[in-house]
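Undergrad: okay, structure incoming, though there's no sequence with it:
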């Protein structure tokens, strides 16, 4: 049995991580505490239209603030959940309640109508789980520990964030703009031209770093298309483009240069000192 | 307008990243090419039961291999999609077809039945998107660029992987075992004991690194519970536990030591050589 077969046989035990689309979809959130405020932020990120049902006595300050700031996206009802009619026209249901029985009933109603549902703190009732997240513009990263706890997920999140330069979101935005510019120059869906565009963009992504992309400005993009795409679909080196201005600072590529240099100088000074002392 | 209000007002433009639960749920995949093989792996990860519909002439070698290795999870029908009855009892539908018209029709049928659906390469028809993924046992990480392309997502994935030690999955597993041991010692759901358990585990996660957790063995866990939890809910330092054996190798904490040392030696040698040459 080879390694791949082993891997495929033991591939299970996880979740299906997906990016759910909620733009202008209706999400019902029942409950107004701290967890509800986190749920509101998560679905606002996806441009959902939220209906929030909770007596005002149960609102967390963060929930109140979100209701105040985003009346364009949150319809707030100051009352308890009233029954099945609340689910009419709803595309997703999230409960964040202390009352487990009510959560159970809402989940049952949602299941009957085939509406995706998550009940906070009751994993066995959830169609899906939330996880720790990193957001940087168009970049979203989710960390799931498959039920092993939010605290360890948050440790992983800290570690991942330390490995990011903070320029990744910018790089993705620039690649998106570049791709659109390329489509304007070489329009058409699918076929030969589509394949050529994809091949050129793939080549670029193989040769360039995220930092190279993040440093692109409007003029650079035009030059990149003129001197690359138009010149027989060539992949210019980033140095070619940045020759006239400072190359983007790319320190993380040589993280060892500085300590090595300091070590060199200190080593030299120690050796000179010792030899001088011996001379006298 | 303060920064937080700005942030909340401009929070949109993304997706809702979630961990969908598919254990023993039925997923219909229509199409058998390379994309279908990726879909099969993704849903196998979540322990789904797959029905795959595709003429055998359209099967990619990887798809064939998956069908062969996982007959326990994949029911394969060597034929084209036959109609609405295929959706009976199905919990999720994924199309991976060259035939856009057929994809459109399958998406419409799925929508009518409120079955979540993804049509490969037709984003406007998708309830959800897939993204680049990292898997390490119980750890799953998803990278979404919100439609800015799989190639740039794969650059981000490479960067994130470089920042991980490879011990994270092991660390999560160990934390999960430790949590279960703790629950055996101090059983009970919610209430005072639940809060105490949560507080102790949180304290531990704040003080310990992932590498510390990954190095725990059975004996260490018992000592940690004896000398920590049982001793007035104290948080032992990892050094206390590892005093009798080698501390887990934690090189990434001092990434500059080696280059500095090499620089020191080289610097000293260069200085000595120069001074010797001058002497002669």
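TA: Happy to help now that I have it. Since we're looking at a predicted model, the values are computed, not measured.
Undergrad: ok, the residue nearest the centre of chain A - contacts?
TA: With distances taken as C-alpha atoms, centre = their mean, the residue of chain A nearest its centroid is residue A:140 (0.8 Å). By C-beta atoms under 8 Å, 6 or more residues apart in numbering or on different chains, the residues touching residue A:140 are A:19, A:45, A:133-134, B:14-15, B:17, B:143-144, B:146. (C-beta placed from N, C-alpha, C; glycine too.)
Undergrad: ok, residue A:40 next?
TA: With contact set as C-beta under 8 Å, 6+ apart, residue A:40 has these partners: A:29, A:50, A:52, A:63, A:66, A:74.
Undergrad: same question for residue A:144.
TA: Residues in contact with residue A:144, defined by C-beta under 8 Å, 6+ apart, are A:14-15, A:17, A:129, A:131, A:153, B:19, B:139-142.
Undergrad: what about the strands in chain A?
TA: Using DSSP state E, the strands found in chain A span residues A:16-20, A:26-30, A:49-53, A:74-77, A:92-95, A:117-119, A:128-129, A:132-136, A:139-144.
Undergrad: report pLDDT for the residue nearest to the centre of chain A.
TA: Per-residue pLDDT puts residue A:140 at 97.
Undergrad: where does chain A have low pLDDT?
TA: Chain A contains residues with pLDDT under 70 at A:1-3, A:190, A:243-255.
Undergrad: domain ranges for it?
TA: Following the TED database, one finds the domains of chain A at A:26-130, A:131-164, A:167-240.
Undergrad: who wins for proximity to residue B:174 among these?
TA: Smallest distance to residue B:174 across those (C-beta to C-beta): 9.5 Å, for domain A:131-164.
Undergrad: buried stuff in that closest one?
TA: Judged by neighbour count using 16 or more other C-beta atoms under 10 Å in any protein chain shown, the buried positions of domain A:131-164 are A:131-146, A:148-149, A:151-157, A:159-160, A:164.
Undergrad: and for stretch A:219-229?
TA: For stretch A:219-229, a neighbour-count test (16+ other C-beta under 10 Å) marks A:220-221, A:223-225, A:228-229 as buried.
Undergrad: what distance separates the start and the end of that stretch?
TA: Using C-alpha to C-alpha, to the nearest Å, the gap from the first to the last residue of stretch A:219-229 comes to 15 Å.
Undergrad: what does it contact?
TA: With C-beta under 8 Å, 6+ apart as the contact definition, stretch A:219-229 has outside contacts at A:174, A:177-178, A:181-182, A:185-186, A:200, A:204, A:216, A:234-236, A:240-242.
Undergrad: residue A:196: neighbour count?
TA: Each residue near residue A:196 was counted by other C-beta atoms under 10 Å in any protein chain shown, and the total is 15.
Undergrad: pretty sure it sits against residue A:203.
TA: No. Using C-beta atoms under 8 Å, residue A:196 makes no contact with residue A:203, being 10.7 Å away.
Undergrad: helices or strands up against the longest helix seen in chain A?
TA: In chain A, taking DSSP state H as the definition, the longest helix is helix A:257-279. With contacts taken as 3 or more C-beta pairs under 8 Å, 6 or more residues apart in numbering or on different chains; DSSP states H and E, helix A:257-279 sits against helix B:257-279.
Undergrad: show residues contacting the helix it packs on.
TA: A:256-257, A:259-272, A:275.
Undergrad: between it and helix A:257-279, how many degrees?
TA: For helix B:257-279 against helix A:257-279, the angle by axes from the mean of the first three to the mean of the last three C-alpha atoms, to 10 degrees is 40 degrees.
Undergrad: related to what we said a few turns ago, which one of the contacts of residue A:140 sits closest to residue A:118?
TA: Residue A:118 lies nearest to residue B:17 out of the contacts of residue A:140, by C-beta to C-beta, at 12.8 Å.
Undergrad: thought that closest one was touching residue A:17?
TA: Yes. Residue B:17 is in contact with residue A:17 according to C-beta under 8 Å; the separation is 7.1 Å.
Undergrad: shared neighbours, those two?
TA: Taking C-beta under 8 Å, 6+ apart as the criterion, residue B:17 and residue A:17 both touch A:142, B:142.
Undergrad: just the buried residues of stretch A:219-229: which are in helices?
TA: Among these, DSSP H puts A:220-221, A:223-224 in helices.
Undergrad: using JSON lines, lay out these together with distance to residue A:103.
TA: Formatted as JSON lines, those follow (distance: C-beta to C-beta, whole Å):
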{"residue": "A:220", "distance to residue A:103": "53"}
{"residue": "A:221", "distance to residue A:103": "51"}
{"residue": "A:223", "distance to residue A:103": "58"}
{"residue": "A:224", "distance to residue A:103": "54"}
